[in-house]
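K.L.:
predicted model and sequence follow; I will ask about them next.
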Amino acid sequence: MPITPCLDDFNVDPETKRVLGVALEMTRISLGLGDDFANGVIAKQIIEISKTGERNPDLLCEGALKKLRGSLFGD
């Protein structure tokens, strides 16, 4: 799934969109998700992290996983 529909007013260049999309797919795979059901929630976390300036898909994925697991399982 492309991340573009989740970007709303976050205006990014094509390379950043690509990186965000890679991070989304990496996170989905890490969570073992086979469907697109949670893509919006995952994308939101990745986009929030990328707003800090992060552009490494590995670190975006790691940060999203940390936030998502924290939301699910607490601290």
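P.N.:
Perfect, I can see it now.
K.L.:
can you give me the helices in the protein?
P.N.:
14-31, 39-50, 57-73 (DSSP state H).
K.L.:
now do the longest one against helix 39-50, angle only.
P.N.:
Yep, that's helix 14-31 we're talking about. Helix 14-31 and helix 39-50 are oriented at 120 degrees to each other (axes from the mean of the first three to the mean of the last three C-alpha atoms, to 10 degrees).
K.L.:
same check, this time on the last one
P.N.:
Angular relation of helix 57-73 and helix 39-50 on a 0 to 180 degree scale: 120 degrees, by the same axes, to 10 degrees.
K.L.:
can you list contacts of helix 57-73?
P.N.:
Residues external to helix 57-73 that are found in contact with it (C-beta atoms under 8 Å, 6 or more residues apart in numbering): 19-20, 22-23, 26-27, 30-31, 41-42, 45-46, 48-50, 54. Every residue, glycine included, has its C-beta placed from N, CA and C.
K.L.:
deepest of the helices of the chain, which one?
P.N.:
Among the helices of the chain, helix 39-50 has the highest mean neighbour count (mean count of other C-beta atoms under 10 Å), at a mean of 20.
K.L.:
remind me what that helix packs against, helices and strands.
P.N.:
Secondary-structure packing of helix 39-50 (3 or more C-beta pairs under 8 Å, 6 or more residues apart in numbering; DSSP states H and E): helix 14-31, helix 57-73.
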